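> Sequence first, then the predicted structure:
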Amino acid sequence: MDTQIKTNTDAITTNAASNTSIQTELDATQTGAGLGTDGAYTANGSTNYLTTVTSLTSADVALDTQIKTVSDQVTNLSASSSSGSTNIQSELDGHSKQELDLQLMELTLLTLQPIT
């Protein structure tokens with residue numbers, strides 16, 4: 001009987017140590033993930049896009065949505081900038097041609113004037 005009690009006591013001690021290790025790992029995982037000790041998610045009120053989320057998944061979605069919005073804005077600005085550059089270059093090219101045409105007309109007029 002004493003042997004069985006000792007065996008059971010040792011098993012209980014081993015299980016308790018194992019449970020403590022598992023709880024320590026669980027606590028560290030929850031802390032690392034930003035969860036409370038009860039495993040609940042608490043939104044960070046000082047953020048721009050996560051103040052109302054209720055889970056890690058919804059935080060991922062909120063951030064992904066905002067990143068996509070910014071990405072689309074950058075794409076649109078890039079396209080607008082490129083289009084604007086093309087328009088400016090076209091205007092510059094047009095002015096250069098007009099200036100050359102005017103210079104050519106002036107030279108033509110000068111050659112047609114009688115020399116006195």
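Looks like it arrived, so ask away.

> Can you pull up the most central residue in this structure?
With distances taken as Cα atoms, centre = their mean, the residue of the chain nearest its centroid is I67 (4.2 Å).

> Which residue ranges of this protein form strands?
For the chain, strands defined by DSSP state E do not occur.

> What are the contacting residues of stretch 12-27?
Stretch 12-27 is touched from outside by T37, with contacts defined as Cβ atoms under 8 Å, 6 or more residues apart in numbering. Where you see a C-beta, it was placed from the backbone N, CA and C, and this is true even at glycine.

> give me that answer again for 10 Å
For stretch 12-27, contacts defined as Cβ atoms under 10 Å, 6 or more residues apart in numbering pick out L35, T37, G39.

> Only C-alpha atoms, please: export stretch 22-38 in CSV.
The C-alpha trace of stretch 22-38 is given here as CSV (Å, rounded to 0.1, in the frame of the first residue of the first chain):
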residue,chain,number,x,y,z
ILE,A,22,1.8,24.0,-20.0
GLN,A,23,0.2,27.0,-18.2
THR,A,24,3.5,29.0,-18.4
GLU,A,25,3.7,28.3,-22.1
LEU,A,26,0.0,29.2,-22.5
ASP,A,27,0.4,32.4,-20.6
ALA,A,28,3.5,33.4,-22.7
THR,A,29,1.6,32.6,-25.9
GLN,A,30,-1.4,34.7,-24.9
THR,A,31,0.8,37.6,-23.8
GLY,A,32,2.7,37.4,-27.1
ALA,A,33,-0.5,37.4,-29.1
GLY,A,34,-1.8,40.4,-27.1
LEU,A,35,-4.5,38.4,-25.3
GLY,A,36,-5.5,38.7,-21.7
THR,A,37,-4.7,36.1,-19.1
ASP,A,38,-8.2,34.7,-19.8
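
> quick revisit: from the contacts of stretch 12-27, keep the buried residues only.
Among the contacts of stretch 12-27, those buried by neighbour count (16 or more other Cβ atoms under 10 Å) are L35.
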